[in-house]
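> what's the 3D shape of this:
(one chain, ligands or ions: 1)
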Amino acid sequence: MSIFTDLITTVSKKGAAYVVLIDPDRNDEGSIQDRVQKANNSGVDALFVGGSLMMDSKCKERVKSIKSYSNIPVIFFPGGVGQLNPYYDAMLFMSVISGRNPHYLIGEQVIAAPLVKDMGIETIPTGYILIDGGAGSTVEFMSGTRPIPMDRVDVTVAHALAGQYLGMKLIYLEAGSGANYPVSSHLIKAVNDVIDVPMIVGGGIRTPEVAAELVHSGASIIVTGTVIEDDASRMKEFSDAIHWRE
Ligand code: 1GP
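Predicted coordinates for the structure are as follows:
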C-alpha cells in the first residue's frame, strides 16, 4: 500500500491524521532520536521532514538517522531540491500555488523530478497555499511569494479549487512555522465546503484544543512543529485530540 493510501485510510478510520514536522536544520542528534522515539509511541501517524532554509550541510545524515529511529513513515516536506535524498518513504510533491513565482510553481519541481525518479520516492501531488499567520514566515521570504490574507476567503477557496482541478491529491493550508495564529476555522470550513480532496493544515497550532477545532472544521491532517520542538512529551495529547474517532 502506498504511504498516501495509508494516510487516507488513517483519516477515515481515526477522523484525522496527526503529523509531526521535524526541521532537519535545528536539531542535534540526541533530540532527534528522542523526538522520533516519542512519535513512535504517541500515536503520531507520520513525520514530515523539511524546512525552508538549511543552515548547515548535514540534512542527509539527519534524515538517515530519523529514518533509522522511525517506525512511522518519513515524508519529505520540501524546502528545496537540495534536501532531497533517498531516505524518505515518500514526499509531498508540492507547488506553491498561492504564489506567482515560477521557480516555486514549477522550476524546483522540474529540477527534482529526474532525481526523485532515480531515487524511487513516492510522490504525493500537493497544492501548497500560504496564508498570512502574522509572523512573516520563512516560506514567504524563501519562496518570494506573498501569503494570502487570512480574511480573503474567496481568494483562498479559488486557489484550493484550482489546485484540485489541476490534480493535486492534497491541499495544504499553511500559516507558516511559528505563526502568530493558525489558519482560522472559518477559512478551513469555507475551503472544505468546496473541495473534495483532503486538506492538510499547519502553522501556529499550539494546543490540542485548537488542533481538534481545526479538525472539526474540516482539516484532515494536522501538522505541528514548534510546539513539539519545545516539548516533545505533548505529542500524545495532540494525537488524542486529533484522532477523535478512536
Ligand atoms: C507545518 O509550518 C508548519 O505546516 C509547522 O508550524 O512550527 O508553527 O507548528 P509550527
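> what is the top strand by length along the chain packed up against?
As assigned by DSSP state E, the longest strand anywhere in the chain is strand 122-130. Judged by 3 or more CB pairs under 8 Å, 6 or more residues apart in numbering; DSSP states H and E, strand 122-130 is in contact with helix 3-14, strand 90-96, helix 138-143, helix 153-165, strand 170-174. All C-beta atoms are positioned from the backbone trio N, CA, C, and that covers glycine.
> what pairs with it, and is each one parallel or antiparallel?
Sheet pairing of strand 122-130 (DSSP bridges) gives strand 90-96 (parallel), strand 170-174 (parallel).
> now that strand: average pLDDT?
Strand 122-130 shows a mean pLDDT of 98.
> could you shift the numbering so residue one becomes 133, and keep it that way?
Got it, first residue is 133 now, which makes that one strand 254-262.
> between helix 135-146 and it, find me the angle.
Comparing the axes of strand 254-262 and helix 135-146 via axes from the mean of the first three to the mean of the last three CA atoms, to 10 degrees yields an angle of 70 degrees.
> most neighbours per residue, which of the helices and strands packed on strand 254-262?
Burial of the helices and strands packed on strand 254-262 is given as mean neighbour count (mean count of other CB atoms under 10 Å); strand 302-306 ranks first at a mean of 26.
> helix or strand right after that one?
As assigned by DSSP states H and E, the chain's next helix or strand after strand 302-306 is helix 317-326.
> the helix or strand that comes right after that next one pairs with which strands?
As assigned by DSSP H and E, the chain's next helix or strand after helix 317-326 is strand 331-334. According to DSSP bridges, strand 331-334 forms sheet pairs with strand 302-306 (parallel), strand 353-356 (parallel).
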